[in-house]
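# Using only what follows, build the 3D model:
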Amino acid sequence: MANALESLKKYSVIVADTGDLDAVAKWRPQDTTTNPSLLLSVAQDPRYKPIVQASLGSDIESTLDRLFVAFGCEILKLIPGRVSTEVDARLSFDTEGSIAKARMLISLYEKQEINRERILIKLASTWEGIRAAERLEREGIHCNMTLLFSFAQATACADAGVTLISPFVGRIYDWHKAARKLDDIPIAEDPGVASVVKIYNYYKKHGYATQVMGASFRKIEQIERLAGCDLLTIAPDLLDKLSNKEGEMERILSPEKAKALSIEKTPLGQAAFLWQHNADAMAVEKLADGIRKFDADARKLEVAVGALLQAKRAA
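Prediction:
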């Protein structure tokens, strides 16, 4: 009998949400996505010490760039698709800085003979990040817009022609659960799931090429409710649960269903984007919180790299 994971693969591209090479090798997903938090964890793992040591450069910033690309290259040896590599969270409100960093990361990949078609540059879905992505896409540098919580963010990303967005199902669920002082929210009322459904239907109704990748799941029921979404990035523990669940999974989302809906097209300029995003308290809080957390883990990674560089110089 088929399991839920194999069934799900008929409808959605499965992406591994991990930087752990052993986990990638085990699950063999189509694509893989990483972020500073995931790389902080794997960079401190003794199994990956040779990769870290080989990435040490002349300073912390260049070493981090090399480290992110080194792990990306190792991941690409194990998968047929793309890897997402994140731009420094401190550049979330800096369009020009984000563009420069993205170009640098792509150049490092290309020096390793990795075609840019296999790389997605991850940028925070701020107005500045979206503008950076719009320009990068024109250069053939494809972008994955992360920390996406509001419909305004999703609309602006589609209008900018970005390759991929990653709406964070679990973090939306977490915020509403805490705000309502609940232990759980029934899956039929899950606001994280509802957010992705709304975005997916809007994109397919109006023919946007931007792909939707549901992310940040807390339970397999959330994944099941999004079967048919373009891509789903799933952590190893949930991949394991899906692989151990027997039975066929029903397809929930499809372009055909979306095209039959009555949905108005709502392009946004900067003022309208900021106003609509600001009206969503959850999205404002989670975007700011996500940037701070990615930055905090990146700074921890900087400290670890700094200690290694100092030890190398001393030796």
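# Would you map the strands across the stretch 101-250 of the chain?
With strands called from DSSP state E, counting those that start in this stretch, the stretch 101-250 of the chain shows them at 119-124, 143-148, 164-167, 211-214, 231-234.
# Work out the gap between the second one and the centre of the chain.
Strand 143-148 has its C-alpha centroid displaced from the chain centroid by 6 Å (Cα atoms, centre = their mean, to the nearest Å).
# hmm, which helix or strand of the protein has the shakiest average pLDDT?
Sorting the helices and strands of the chain by mean pLDDT, DSSP states H and E puts helix 36-43 at the bottom, at a mean of 83.
# List the buried residues of the helix or strand following it.
Using DSSP states H and E, the helix or strand that follows helix 36-43 towards the C-terminus is helix 49-55. Within helix 49-55, the residues scored as buried using 16 or more other Cβ atoms under 10 Å are 51-52, 55. All C-beta spots, glycine's among them, are computed from the backbone N, C-alpha and C.
# again, but for stretch 135-149
Buried residues in stretch 135-149, counted by 16+ other Cβ under 10 Å: 135-137, 141-149.
# Quick check: which of the strands of the stretch 101-250 of the chain is nearest to K293?
If you check each of those against K293 by Cβ to Cβ, strand 143-148 wins as the nearest, at 9.6 Å.
# T33: which of the strands of the stretch 101-250 of the chain is closest?
Across the strands of the stretch 101-250 of the chain, closest to T33 is strand 231-234 (Cβ to Cβ), at 5.1 Å.
# coming back round to it: for the least confident helix or strand of the chain, give me every contacting residue.
For helix 36-43, contacts defined as Cβ atoms under 8 Å, 6 or more residues apart in numbering pick out 17-21, 48, 52, 67-68, 71, 86, 89, 293-295, 297-298, 300-301, 304.
# thinking again about what came up before, out of the buried residues of stretch 135-149, flag the one nearest to A124.
Nearest to A124 out of the buried residues of stretch 135-149 is L147 (Cβ to Cβ; 4.8 Å).
# where does that closest one land on pLDDT?
L147 carries a pLDDT value of 97.
# cool, and I185?
Confidence at I185, expressed as pLDDT, is 98.
# Which residues are in contact with it?
The contact partners of I185, by Cβ under 8 Å, 6+ apart, come to 173, 176-177, 191.
# picking up where we left off before, distance to H277 for the strands of the stretch 101-250 of the chain - can I get that in a markdown table?
Compiled in a markdown table, the strands of the stretch 101-250 of the chain are given as follows (distance: least, Cβ to Cβ, whole Å):
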| stretch | distance to H277 |
| --- | --- |
| strand 119-124 | 12 |
| strand 143-148 | 10 |
| strand 164-167 | 13 |
| strand 211-214 | 18 |
| strand 231-234 | 23 |
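# In this structure E250 contacts L226, no?
No - counting by Cβ atoms under 8 Å, E250 stays clear of L226, with 11.5 Å between them.
# quick revisit: what about the contacts of helix 36-43, which are in strands?
17, 86 (DSSP state E).
# Report pLDDT for E110.
98.
# From what I see, it and R116 are in contact.
Yes - between E110 and R116 there is a contact under Cβ under 8 Å: 6.6 Å.
# more crowded one of those two?
Shown here are E110 and R116; by other Cβ atoms under 10 Å, R116 has more neighbours (17 against 13).
# burial of the nearest residue to Y48 once chain neighbours are set aside, as a residue count?
Residue nearest to Y48 in three dimensions, not counting chain neighbours: V42, with 5.6 Å by Cβ to Cβ, 6 or more residues apart in numbering. Residues near V42, counting by other Cβ under 10 Å, number 19.
# Cool, thanks, signing off.
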